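A.B. asks: test case, fold it:
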Amino acid sequence: MEFKVPTMAEMMAAGEEPEILFWVGCAGSYDERAQKITRNICKILHHVGLKYAVLGTEESCTGDPAKRAGNEFLFQMQAMANIEVLNAYNIKKIVTGCPHCFNTIKNEYPGLGGTYEVIHHTQLIQDLINDGKLKAEGGESFKGKKITYHDPCYLGRANGVYEAPRKALEVLDADLVEMKRCKANGLCCGAGGAQMFKEPEKGKKDVNIERIEEALATKPQFIAAGCPFCMTMLNDGVKLKDKEQEVKVLDIAEITARANGL
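C.D. replies: You can find the predicted model right below:
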């Protein structure tokens, strides 16, 4: 399926406005694994006929890693630059593929002059299912497949979004199994707080190994994620445990796209 993803600049030039802006994020732009998730979110947006656009080269990092690593000055510089672009385009609603971007734009940007309605892609998928626009038919069947879902910290505990990703999985008729630590008691994948970009401190065990052991204890065929950082950590854990053949780590958007034959 080939289609063009319009940029805000192109849309503006044509005198049009999108219903929603898709904020791709750094991982979604540059990380090879996360690029696949980005493509799937676009496929879903295209499939349901939502009028959307991306910023393209005008998008820069939200500033989340800088802020979490303690560089408030750099964060504010990055945030202000983004807010200037978003406000110039009169953006009202944003969907993100990453909980870190979601949390930062939703909760940190209003204080700097950027107030928007921000949703995570799992919430968008839930809305589309509720509106009857996404059916989970015409594609791969997940019926009876064992899936366990890992709650990203910035989606779950930081913003209380637990239902949307599970709703997207429930519609598949799959066997959804919860890990021992889930929802409000979820465990970090090990990449949060800018840990993604540095080596872990000395300890008894890496956090992602602890988490993957919990996930594998549910004997899943699929581990569902909703965050590009979690995706990296969970994938690394599966590789380390030599379970790549039996267990696949997929984003909610990828599972949804597959189920709908996109």
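
A.B. asks: and stretch 78-98, average pLDDT?
C.D. replies: Stretch 78-98 shows a mean pLDDT of 98 in the predicted model.

A.B. asks: how about that stretch: buried residues?
C.D. replies: Within stretch 78-98, the residues scored as buried using 16 or more other Cβ atoms under 10 Å are 78-79, 82-83, 86, 89, 91, 94-98. All C-beta spots, glycine's among them, are computed from the backbone N, C-alpha and C.

A.B. asks: for the residue lying closest to Phe197 once chain neighbours are set aside, what are its contacts?
C.D. replies: Spatial nearest neighbour of Phe197, excluding adjacent residues (Cβ to Cβ, 6 or more residues apart in numbering): Pro65 at 6.4 Å. With contact set as Cβ atoms under 8 Å, 6 or more residues apart in numbering, Pro65 has these partners: 100, 194, 196-197.

A.B. asks: helix or strand: which one has Pro65?
C.D. replies: helix 64-68 (DSSP states H and E).

A.B. asks: repeat that for Ala224.
C.D. replies: Following DSSP H and E, one finds Ala224 within strand 222-225.

A.B. asks: what helices and strands are in contact with that strand?
C.D. replies: The contact analysis (3 or more Cβ pairs under 8 Å, 6 or more residues apart in numbering; DSSP states H and E) places strand 222-225 against strand 146-149, helix 228-240, strand 248-251, helix 252-259.

A.B. asks: in its sheet, what does that strand sit against?
C.D. replies: Using DSSP bridges, strand 222-225 pairs in its sheet with strand 146-149 (parallel), strand 248-251 (parallel).

A.B. asks: among those, which is nearest Lys4?
C.D. replies: With distances scored as Cβ to Cβ, the stretch of the strands paired with strand 222-225 nearest to Lys4 is strand 248-251 (22.6 Å).

A.B. asks: and the gap between Glu214 and Met8?
C.D. replies: From Glu214 across to Met8, the span is 41 Å (Cβ to Cβ, to the nearest Å).

A.B. asks: more neighbours, the two?
C.D. replies: Ranked by neighbour count (other Cβ atoms under 10 Å), Glu214 and Met8 place Met8 first, with 23 against 17.

A.B. asks: the contacts of Pro65, buried ones only, as a ChimeraX selection?
C.D. replies: Isolation of the buried members of those (16+ other Cβ under 10 Å) is achieved in ChimeraX through the command below:
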select :100,194,196
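
A.B. asks: just name the closest of the contacts of Pro65 to Leu176, please.
C.D. replies: Of all the contacts of Pro65, Leu176 sits closest to His100, with 24.8 Å by Cβ to Cβ.

A.B. asks: show me the contacts for the closest residue to the closest one other than its chain neighbours.
C.D. replies: Computed as Cβ to Cβ, 6+ apart, the closest residue to His100 that is not its neighbour in sequence is Asp64, at 4.4 Å. Listed by Cβ under 8 Å, 6+ apart, the contact partners of Asp64 are 75, 100-101, 103-104.

A.B. asks: which one of these sits closest to Lys135?
C.D. replies: For these, the nearest to Lys135 is Cys101 (28.0 Å; Cβ to Cβ).

A.B. asks: can you give me the helices in the stretch 1-150 of the chain?
C.D. replies: Counting by DSSP state H, counting those that start in this stretch, the segments of the stretch 1-150 of the chain that form helices are 8-13, 25-30, 32-47, 64-68, 72-88, 99-103, 121-130.

A.B. asks: between those, which one is nearest to Gly138?
C.D. replies: In terms of Cβ to Cβ, the element of those nearest to Gly138 is helix 32-47, at 10.1 Å.

A.B. asks: part of a strand, is Lys180?
C.D. replies: No. Lys180 is assigned coil when assessed by DSSP: H, G, I helix; E, B strand; the rest coil, not a strand.
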